[in-house]
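>>> Okay, here's the prediction I keep looking at, along with the sequence it came from:
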Amino acid sequence: MNLTVIIMFLVFVGATLVITYFASKRTQSTKDFYTAGGGLTGWQNGLAISGDYLSAASFLGIAGAIALWGFDGFFYSVGYLTAYLVVLYIVAEPLRNLGKYTVADMIAARFELKKVRAFAALSSITIVIFYMLAQLVGAGALIQLLFDIPYSISVILVGIMMTIYVLFGGMTATSWVQMVKAVLLMIGTLIISFLVLLTFNFNIFAMFGEMKNVTAPELEGSFLNPGAQGNSPLNNISLIVALLFGTAGLPHILMRFFTVKDAKTARSSVMWATWIIGIFYILTIFLGFGAAALLTREEIIAANPAGNMAAPLLAERLGGDFLMSFVAAVAFATILAVVAGLVLSGASAFAHDIYGQVIKKGKMTDREQMLAARTAALSVSVLSIILAIFAQDQNVAFLVSLAFCVAASANLPVIVYTIFWKRFNTQGAISGIITGLVVSLALVILSPNVMDPSGSAFIAMEPIFPLDNPALFSVPAGFIGAFLGTFLGKAESHEKYREVKVKSVTGISTSDVSH
Amino acid sequence: MSKIDYKKISDQPEFEALLRKRNRFILPISIFFIIATLIFPVLTGYTDLLANEPFGNISWAWIYAFLLFIMVWTLVTIYMSRAKKFDKEADEIIRKYKEGEYE
């Protein structure tokens, strides 16, 4: 570790602590804590969504995967991006108009029964835990690699930072950390992309031409064509299903829509996010190709077998120590921004949904709610740090795609039916969430992630279910489960649906008519 | 805080028309982008249709992927402009309700 890295690292940590200090002064009420007072503008929230969404896995992982596997490394970016059309066209505006702090709020806007809220919160918590565990374990390994700090200290360091942001600065600090990170990430990738393009004299065809010649014994087919990594087509389809439908069910992403004042702003924040995220994914191609052209495959793999060090090594080759340090600092910022968002959404599910609404039945003073929110944030942080330290040697990277899968199977069907289906009822909502959740988890336990005859996974035996990601089956199962549950349950009065319909389409609220 | 009469609003022909228009706009486009996305791994996984390289060494698979990016930005832009029109109609409905024209 050299001086430049330490200085950049300290500058970033210092800057985010200043942000947190000012944010803490503005965090007076529960609304401030969960939604930054609902006062973010479209571009601010768009940046924050990008900062919340683009994890270190996207930045270092995709760049590295493109460097090693060419087209196959880029392939999933398509699913990560088009997912925002589902968010924009189907979920964002009704969610903003119906909910308050959480996804469960939105579903509870139609079904007041506490059980529905409890199940909705349960699936959110499951998603957050999976996502968080994968992020923290990845972060520990990455910081170890980038800064040469031991794994458990890395995890604790990240854990302490995320806890400080959320505990003191709530959503305001989290949002600003995410915005700063998104800007840094874009600057970093733009600089490297520019330098890569410069080496190809800005000739894209020359760049692709050179990539055509990339060969390696482990490549199954051409570097520039699909299939080089040898993934089964069905696996790819299933993962794209998870990404496409899962994003619109991720609690920490959906929570961001409550930080803006109305549906109009929610919509413009998605617009900003799709531009930023889309451009970022395009730039990862230059990062990956640049690494494949300017570094040797051996040195990328020697630094990290998954290719995570391709971007930092490329930065070092192109811009020396300074650029490499900058990229390492950006990666650190990236990790922090994502985990802080996760802590907050986990805390909201525990403190607002389960404790506040289900146990206390909504009868709490704002002071008590704040205390509950902060206690929950602290507990979520501590619990995930402990889990991450124990999971050091486990391969938990698949938990991210599993989180997307649970979001797509348990949350999205219920969200869609809540908004669009008149006949949908309490029974349907509960059975949809349970079916999506149980089928996802059961199939993953039977999958190669958990069952591997070589003993590299948790259970040493032939997997019973062949796909790594079960979304292809679990998403339809979630929709069918909710559908069947609806018909088995009692028909309910349409009064609530009428309210949902009017609110989601017009955004009318009591403040419109009370003055 | 007065209570909103949701039934009254949802019974208005203007509201029903707006709801229908919205759904008629959202549904076909959603089906389109879902199919456009899901067909991509099918085409790359089971066929060689996207393997040819029409421009230098850039194959159809890359072009399809870039087209999906362009599709996203185009559909976002279309949504933004359509939603603005829906906003106007929704605001009109809220205004009429507030001013008691639905009584």
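Structure received. Quantities reported herein were computed from a predicted structural model and do not represent experimental measurements.
>>> make it CA atoms for all contacts and neighbour counts henceforth
Fine.
>>> what is the mean pLDDT for the helix ranked longest in chain B?
In chain B, with assignment by DSSP state H, the single longest helix is helix B:60-98. The average pLDDT for helix B:60-98 rounds to 95.
>>> Can you give me the buried ones in that helix?
For helix B:60-98, the neighbour count (16 or more other CA atoms under 10 Å in any protein chain shown) marks B:60-62, B:64-65, B:68-69, B:71-73, B:75-76, B:79-80, B:83, B:86-87, B:89-90, B:93-94, B:97 as buried.
>>> Count the neighbours of the residue of chain A found nearest chain B for me.
Per CA to the nearest CA, residue A:233 is where chain A lies closest to chain B, at 4.5 Å. For residue A:233, the neighbour count with other CA atoms under 10 Å in any protein chain shown is 17.
>>> Tell me which helix or strand the residue nearest to it when sequence neighbours are not counted sits in.
Excluding the flanking residues, the one nearest residue A:233 by CA to CA, 6 or more residues apart in numbering or on different chains is residue B:45, at 4.5 Å. Assigned by DSSP states H and E, residue B:45 falls within helix B:13-46.
>>> Taking helix B:60-98 as reference, get the angle to that helix.
Going by axes from the mean of the first three to the mean of the last three CA atoms, to 10 degrees, helix B:13-46 is angled at 170 degrees with respect to helix B:60-98.
>>> Which strands or helices does helix B:13-46 pack on?
helix A:77-86, helix A:233-246, helix B:60-98 (3 or more CA pairs under 8 Å, 6 or more residues apart in numbering or on different chains; DSSP states H and E).
>>> change it to 7 Å
helix A:233-246 (3 or more CA pairs under 7 Å, 6 or more residues apart in numbering or on different chains; DSSP states H and E).
>>> and the angle from the helix it packs on to helix A:77-86?
Relative orientation of helix A:233-246 versus helix A:77-86 (the same axes, to 10 degrees): 30 degrees.
>>> which parts of the stretch 51-200 of chain A sit against chain B?
For the stretch 51-200 of chain A, the residues in contact with chain B (CA under 7 Å from any CA of the partner chain) are A:78, A:82, A:85, A:89.
>>> which of the residues you listed tops the neighbour count?
Across these, neighbour numbers were computed from other CA under 10 Å; residue A:85 holds the maximum, 28 neighbours.
>>> Quick one: residues contacting that one.
Contacts here follow CA atoms under 7 Å, 6 or more residues apart in numbering or on different chains; on that basis residue A:85 touches residue B:72.
>>> Report the secondary structure element holding the closest residue to residue A:185 other than its chain neighbours.
Among residues not flanking residue A:185 along the chain, residue A:330 sits closest, at 5.9 Å (CA to CA, 6+ apart). Following DSSP H and E, the helix or strand that holds residue A:330 is helix A:310-347.
>>> Just want the most central residue of chain B.
For chain B, the residue nearest the mean C-alpha position is residue B:26 (3.9 Å; CA atoms, centre = their mean).
>>> where's that residue relative to residue B:17, distance?
14 Å (CA to CA, to the nearest Å).
>>> again, but for residue A:214
To residue B:17, residue A:214 is 57 Å away according to CA to CA.
>>> These two: which has the busier surroundings?
Comparing residue A:214 with residue B:17 by other CA under 10 Å, the one with more neighbours is residue A:214, at 19 against 12.
>>> How about the secondary structure of the more buried one?
What DSSP: H, G, I helix; E, B strand; the rest coil gives for residue A:214 is coil.
>>> what about the nearest residue to it once chain neighbours are set aside, is that helix, strand or coil?
Using CA to CA, 6+ apart and skipping the chain neighbours, the partner closest in space to residue A:214 is residue A:223 (6.3 Å). Here residue A:223 is coil, with the state taken from three-state DSSP.
>>> Phi, psi for residue A:223 please.
Backbone torsions of residue A:223, given as degrees, to the nearest 10, read phi -60, psi -40.
>>> And for residue B:55?
Here residue B:55 shows phi and psi, under degrees, to the nearest 10, equal to phi -120, psi 110.
>>> ok, residue A:23 touching residue A:173?
Yes. The pair residue A:23 / residue A:173 is scored as a contact, 5.3 Å apart, by CA atoms under 7 Å.
>>> Pick out whichever of those two has more residues nearby.
residue A:173 (31 against 25).
>>> any idea of the angle the strand or helix carrying the more buried one forms with helix A:310-347?
Assigned by DSSP H and E, residue A:173 belongs to helix A:151-199. Using the same axes, to 10 degrees, one finds that helix A:151-199 and helix A:310-347 are set 130 degrees apart in direction.
>>> list the helices and strands helix A:151-199 packs on?
Where contact means 3+ CA pairs under 7 Å, 6+ apart, helix A:151-199 is packed against helix A:3-25, helix A:30-35, helix A:42-53, helix A:114-147, helix A:263-294, helix A:310-347, helix A:366-390.
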